[in-house]
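Asks: no sequence on hand, only this structure:
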């Protein structure tokens, strides 16, 4: 359909789907959507945009009949709305397909891809371009705090977006990022993830090899190469980069990195470092964020921005005012000296990085890790030992029940008692508590001033983000 007036999105509360909804509305379309359960921040985001969200899924949500339906990648056969559009032959498509056809054509497309760091790096890159006056369009898998939004349709020539390796739709099992045909790419990392759709690391590598192979010769790839205390080479990443036909520039601490991080200082009130470009001092950078991994993210964004003509002065000025992304080390509440952090935990490597960053930001504090195994990788035992090691970065560990465990085959499901045993072997106390309510009631009386509680989940986690601060205030009022 050449010019649909009414577009309905099934699974609208996904971060990318909600962003697409906003972009379509800005283009003058009538936009409606539906989802099983809406929760912040995307539910608030859609409400503020004036886009109605029907709950739960129901064929009546498709009345009057829309001109086009966008089917989110979390939607499977058996969904009542999907079955209705198939029966009624209502035109439908995937998010990446519509994004490419409606918004990416004619733009210089910059894609940030990798197992970790995509959302924050995309936000940094968009903010740098915005600060430099280039007015880019962007699509981010989260709410960028500098913009108060996850999308923008700008007048500039660049479209900056997060490139997800997850599958596209029930009818298109290829990675979303293959629809974007990037001119340049940031590649942060290649690790095994998304255990529900990828059989093994080889399958993940195949997806990234195809992305790398799409970049034209005139484009560029900015790829990670080494971190302090780690191997300077990722065999998986190197195998993917071997498929490149364009120049590859590397960032990190490796001696061969084109954009080399030196003089790194991780202080409680901020982070600073020096970037060497091809061995020569390029510039000093600083921002308010915590964590080594955010230094890598920022350096990658700086490298690609520089290759697009942004001055190092503009890059440095932009990073000084960068404010992160919702649900990435986000301080949700501070009650009587207790700090509650929300982090979008989806993988053991990300959890380890988060806890290490909090150690640097809150030195001397007792650090709690409260985990809901919710992502399709964490709900499975495939990375169970890695998860146990990552959680050992906390002083106290609480693990909730596996989210919708019945949806995971029993022989693949994360084994919580075994996980707890491994955490204990790594020298950390751990408790298994069923749900948010049980966790709040158990740990709230134990928390004391100076504690930092990292709540690790990529979902709503039973409202724990609101329930724990409320319980702490209630206990304080009783004293």
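Replies: Alright, I've got the coordinates. Just so it is clear, the structure is predicted and the values come from calculations on it, not from any experiment.
Asks: secondary structure element for residue 388?
Replies: Following DSSP states H and E, the helix or strand that holds residue 388 is helix 384-391.
Asks: if you could redo that for residue 83, that was the one I meant.
Replies: Residue 83 belongs to helix 80-88, assigned by DSSP H and E.
Asks: now that helix: mean pLDDT?
Replies: Per-residue pLDDT values across helix 80-88 average out to 97.
Asks: quick one: buried residues of that helix?
Replies: 81, 82, 84, 85 (16 or more other CB atoms under 10 Å). For every residue, glycine as well, the C-beta is placed using N, CA and C.
Asks: what's the first helix or strand after the helix holding residue 388?
Replies: strand 396-399.
Asks: re earlier: now the buried residues of helix 80-88 in TSV, with distance to residue 302?
Replies: Below are the buried residues of helix 80-88 laid out as TSV (distance: CB to CB, whole Å):
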residue	distance to residue 302
81	43
82	43
84	48
85	44
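Asks: list of residues touching the helix holding residue 388?
Replies: 348-349, 351-352, 355, 369, 371, 373, 378, 397, 399, 414-415, 418-419, 422-423, 425-426, 428, 430 (CB atoms under 8 Å, 6 or more residues apart in numbering).
Asks: from these, which land in strands?
Replies: Among the contacts of helix 384-391, DSSP state E puts 369, 371, 397, 399, 430 in strands.
Asks: look up the pLDDT of the fourth one for me, please.
Replies: At residue 399, the pLDDT value in this model is 95.
Asks: what of residue 196?
Replies: On pLDDT, residue 196 comes in at 80.
Asks: tally of neighbours for the closest residue to it other than its chain neighbours?
Replies: Excluding the flanking residues, the one nearest residue 196 by CB to CB, 6 or more residues apart in numbering is residue 376, at 3.8 Å. Per other CB atoms under 10 Å, the neighbour tally for residue 376 reads 18.
Asks: residue 376 contacts residue 198, correct?
Replies: No - counting by CB atoms under 8 Å, residue 376 does not reach residue 198; the two are 9.7 Å apart.
Asks: now the buried members of the contacts of helix 384-391.
Replies: In those, the ones that pass as buried (16+ other CB under 10 Å) are 348-349, 351-352, 355, 369, 371, 373, 378, 397, 399, 414, 419, 422-423, 426, 428, 430.
Asks: just checking, what packs against the helix holding residue 83?
Replies: Secondary-structure packing of helix 80-88 (3 or more CB pairs under 8 Å, 6 or more residues apart in numbering; DSSP states H and E): strand 68-71.
Asks: again, only using 10 Å
Replies: strand 6-10, strand 68-71, strand 92-94 (3 or more CB pairs under 10 Å, 6 or more residues apart in numbering; DSSP states H and E).
Asks: low-confidence ranges in this protein?
Replies: 1-2, 39, 227-233, 479 (pLDDT under 70).
Asks: give me the residue at the spatial middle of it.
Replies: For the chain, the residue nearest the mean C-alpha position is residue 119 (4.5 Å; CA atoms, centre = their mean).
Asks: how close does that residue get to residue 344?
Replies: 8 Å (CB to CB, to the nearest Å).
Asks: now do the shared contacts for the two.
Replies: Common contact partners of residue 119 and residue 344 (CB atoms under 10 Å, 6 or more residues apart in numbering): 15, 141, 142, 325, 326, 327, 328.
Asks: so which of those are in strands?
Replies: Per DSSP E, these map to strands at 141, 142.
Asks: let me have the shared contacts of residue 119 and residue 344 in JSON lines, extended by distance to residue 154 and neighbour count.
Replies: Shown next, in JSON lines, are those (distance: CB to CB, whole Å; neighbours: other CB atoms under 10 Å):
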{"residue": "15", "distance to residue 154": "20", "neighbour count": "22"}
{"residue": "141", "distance to residue 154": "18", "neighbour count": "22"}
{"residue": "142", "distance to residue 154": "19", "neighbour count": "24"}
{"residue": "325", "distance to residue 154": "19", "neighbour count": "26"}
{"residue": "326", "distance to residue 154": "21", "neighbour count": "21"}
{"residue": "327", "distance to residue 154": "24", "neighbour count": "22"}
{"residue": "328", "distance to residue 154": "23", "neighbour count": "23"}
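Asks: picking that back up, quick one: common contacting residues for residue 376 and residue 198?
Replies: residue 166.
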